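**Q** Pasting the sequence and the predicted coordinates here, then a few questions.
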Amino acid sequence: MPTSSFDTFFACTIILAAALIATGFVTSTMQVRIDNTKSINEQSYLQAIADHIVTSPGTPSNWGTSSSVPTDFGLAAISSTIPYELDIDKVTRLNSLNDYSISYFDMETASRLNNIALGIAVSQIMDVSIEQSSSNTTNNDVSFTLSISTSIDSEPVSASLNCYVVANNYLNNVTGSTSDIGLGYVTVQIPSASKDNAMAIVFARASFDDRITSYAIFNLASSTQQTVSSNGFLTLSPIGHELSFSTNSSELTIQNGYVFSYAYQQNLAYTPGAMHCAIPEIVDKSPLIIVVYGVNDGAYFQEWVSYPQVPLNAGSDFSGSQQNVFSYIVTINGVLYKLDISFGDVAS
């Protein structure tokens with residue numbers, strides 16, 4: 001009895017399906033789907049944890065302004081009406097340079113993570129790079145011309161500049177701007193006798209959004225840009241709009257200090273002999289730079305700290321391991337920052 005075209009097609013289909021099963025094609029395809037579903041579930045799980053860290057104030061909700069360890073880890077400001085607004089003190093307590101910093105163990109435990117590495121990085125939206133292009137000495141003064149570059153994600157942006165110069169018995173400021181190619185110049189002048197301790201604090205504010213305000217510190221004595229203060233014998237820890245001091249030198253005397261923002265400068269109200277003082281609450285969409293000066297073993301010194309203490313990298317460095325990164329644009333005291341929350345692999 002002759003076979004029909006349909007019978008022939010059906011037989012070929014059966015043979016092809018058997019061949020695919022025999023070669024593992026169907027099994028491997030199903031495994032890919034299972035693996036993809038597992039990956040999606042893991043990403044959703046980690047995304048939920050990251051979102052909780054950004055949107056929850058944690059427990060207790062004011063853990064940033066105390067020395068307590070949170071039992072539930074969250075960085076959000078209390079009763080915030082702005083999406084992704086973080087608490088300045090909770091972020092500052094993640095910086096290991098702060099005397100009130102929480103440990104990686106405390107951070108991971110409060111996040112309720114089990115064998116999952118956690119890392120948190122906060123950085124300025126706009127990068128500010130400073131180089132010394134020239135210097136000139138005349139009579140009792142020395143002048144420095146600084147080349148300042150501003151960029152976002154490696155792309156140049158224009159910004160307005162406010163540069164404060166701080167040295168022994170000397171304080172001044174100059175303004176400027178960077179062009180559309182992100183480049184500008186400012187010239188500062190200081191007494192030659194004060195050069196050894198001179199520093200320039202440069203604030204840059206993006207021309208298209210005043211919430212994008214960044215800072216950079218330039219050591220005029222060594223002609224280098226600094227990310228942290230370098231003297232090492234005095235630690236400055238801002239928390240709860242109060243500045244605490246700790247020192248390993250018995251010969252150190254604090255005299256006073258300053259607080260700088262993009263648009264304002266104020267003196268600290270320091271009481272001689274005290275180991276803390278209030279930080280003035282400056283209303284400005286700007287990070288604060290606090291400079292404390294005095295004498296150590298007969299020599300003048302000045303130390304600085306930023307508030308919030310950004311940039312920071314807390315937790316695991318993920319060297320040689322898988323890293324799942326969730327990025328956010330967040331607000332801290334009216335300023336925009338980039339927040340990256342990283343997790344390691346989820347244990348299977």
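**A** Alright, I've got the coordinates.
**Q** Helix or strand for Asp89, just tell me which one.
**A** Here Asp89 sits within helix 88-92, counting by DSSP states H and E.
**Q** so what secondary structure elements neighbour that helix?
**A** In terms of contacts (3 or more CB pairs under 8 Å, 6 or more residues apart in numbering; DSSP states H and E), helix 88-92 is packed against strand 234-239. (C-beta placed from N, C-alpha, C; glycine too.)
**Q** what comes up buried for the very next helix or strand once past the strand it packs on?
**A** Per DSSP H and E, the first helix or strand lying C-terminal to strand 234-239 is strand 242-247. Buried residues in strand 242-247, counted by 16 or more other CB atoms under 10 Å: 243-245, 247.
**Q** Need the residues you listed in JSON lines (columns: distance to Val292).
**A** JSON lines is the format used below for the buried residues of strand 242-247 (distance: CB to CB, whole Å):
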{"residue": "Leu243", "distance to Val292": "8"}
{"residue": "Ser244", "distance to Val292": "11"}
{"residue": "Phe245", "distance to Val292": "7"}
{"residue": "Thr247", "distance to Val292": "11"}
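**Q** now, which of those sits nearest Pro272?
**A** If you rank those by distance to Pro272 using CB to CB, Phe245 comes first, at 12.2 Å.
**Q** surely Asn296 meets Phe233?
**A** Yes. With contact defined as CB atoms under 8 Å, Asn296 reaches Phe233; the gap is 6.1 Å.
**Q** higher neighbour count, the two?
**A** Asn296 (18 against 14; other CB atoms under 10 Å).
**Q** Show me what that one is bridged to.
**A** With DSSP bridges as the criterion, Asn296 is bridged to Leu252, Ala299.
**Q** Using CSV, write down the CA coordinates of stretch 324-344.
**A** Extracted as CSV, the C-alpha positions of stretch 324-344 are listed here (Å, rounded to 0.1, in the frame of the first residue of the first chain):
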residue,chain,number,x,y,z
ASN,A,324,26.6,42.2,40.2
VAL,A,325,26.3,46.0,40.2
PHE,A,326,23.2,48.1,40.6
SER,A,327,23.7,51.8,40.0
TYR,A,328,21.6,54.7,41.2
ILE,A,329,21.7,58.5,41.0
VAL,A,330,21.1,59.7,44.6
THR,A,331,20.7,63.0,46.4
ILE,A,332,22.7,63.9,49.6
ASN,A,333,22.0,67.3,51.0
GLY,A,334,20.8,68.6,47.7
VAL,A,335,23.8,67.3,45.7
LEU,A,336,23.6,64.4,43.1
TYR,A,337,26.0,61.5,43.5
LYS,A,338,26.4,58.1,41.9
LEU,A,339,25.8,55.1,44.1
ASP,A,340,26.9,51.6,43.1
ILE,A,341,25.7,48.6,45.2
SER,A,342,27.6,45.4,44.3
PHE,A,343,26.9,41.8,45.3
GLY,A,344,28.7,38.6,44.8
